[in-house]
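J.: Quick one, what's the 3D model for this:
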Amino acid sequence: MNEYGYQFFEFDTTRAFEFCFFANYCTPAGMHFPARFSVEFSIDGTVIYEAAENVNEVGTNNSGDNYASPICFALPDLPQYGDDEEYIDYTVTLLDWDGVYDGPGTVISGSLSRNEVEANFDGANNVNYEHLRFG
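T.: Next up, the predicted model:
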């Protein structure tokens with residue numbers, strides 16, 4: 001076979017789908033805030049997204065209102081798991097937001113299946129956020 005100096009190799013690809021979290025924090029006194037939070041994902045105990053590297057953006061707009069952005073991830077669609085088999089584990093941790101609130105470090109954790117992730121799809125180009133509520 002003539003290879004003419006090029007290296008030939010195969011790509012081992014994995015299809016991915018987008019998944020997003022948004023969160024609010026409600027204090028025991030009844031105050032409501034958009035939440036500052038971190039997210040960690042793992043599959044079979046192997047971390048695929050580290051919490052320390054995945055914190056949503058927060059700030060204050062020109063009107064003085066606090067805001068927080070959702071955070072989105074490309075999650076692997078692994079064919080060895082069934083459509084309803086939960087194989088993507090997540091841990092979402094409420095973080096302190098300086099000058100806004102002191103977060104108690106509350107954690108929300110769970111698992112997702114392919115069907116649960118795809119339930120957030122809204123057409124071909126839009127993904128609805130998974131809305132979490134701390135407190």
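
J.: Can you name the residues that contact Gly99?
T.: Applying C-beta atoms under 8 Å, 6 or more residues apart in numbering, we find Gly99 in contact with no residue. C-beta here means a position set from N, CA and C on the backbone, and glycine is covered the same way.

J.: Report the beta-bridge partners for Ile108.
T.: The partner list for Ile108 in beta bridges (DSSP bridges) reads Val92.

J.: Over to Ala23?
T.: Leu132.

J.: for Asn66, same thing?
T.: Going by DSSP bridges, Asn66 forms beta bridges with Thr60.

J.: Please name the residues that touch it.
T.: 33-34, 58-60, 97, 100.

J.: try 10 Å
T.: Each residue near Asn66 by C-beta atoms under 10 Å, 6 or more residues apart in numbering is listed here: 33-34, 36, 58-60, 97, 99-101.

J.: Give me the subset of these that lies in strands.
T.: Those of the contacts of Asn66 mapping onto strands are 33-34, 58-60, per DSSP state E.

J.: quick one on the thing from earlier: could you flag which of the contacts of Asn66 are buried?
T.: Buried subset of the contacts of Asn66 (neighbour count, 16 or more other C-beta atoms under 10 Å): 33-34, 36, 58, 97, 100-101.

J.: Switch those over to CSV; also include distance to Asn128.
T.: Formatted as CSV, the buried ones among the contacts of Asn66 follow (distance: C-beta to C-beta, whole Å):
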residue, distance to Asn128
Phe33, 21
Pro34, 17
Arg36, 21
Val58, 21
Trp97, 24
Val100, 26
Tyr101, 26
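
J.: Turn the residues you listed into a markdown table, including distance to Thr46 and pLDDT.
T.: Shown next, in a markdown table, are the buried ones among the contacts of Asn66 (distance: C-beta to C-beta, whole Å; pLDDT from 0 to 100):
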| residue | distance to Thr46 | pLDDT |
| --- | --- | --- |
| Phe33 | 33 | 94 |
| Pro34 | 31 | 95 |
| Arg36 | 26 | 96 |
| Val58 | 29 | 96 |
| Trp97 | 30 | 94 |
| Val100 | 34 | 92 |
| Tyr101 | 33 | 92 |
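
J.: Quick one: end-to-end length of stretch 116-134, please.
T.: 21 Å (C-alpha to C-alpha, to the nearest Å).
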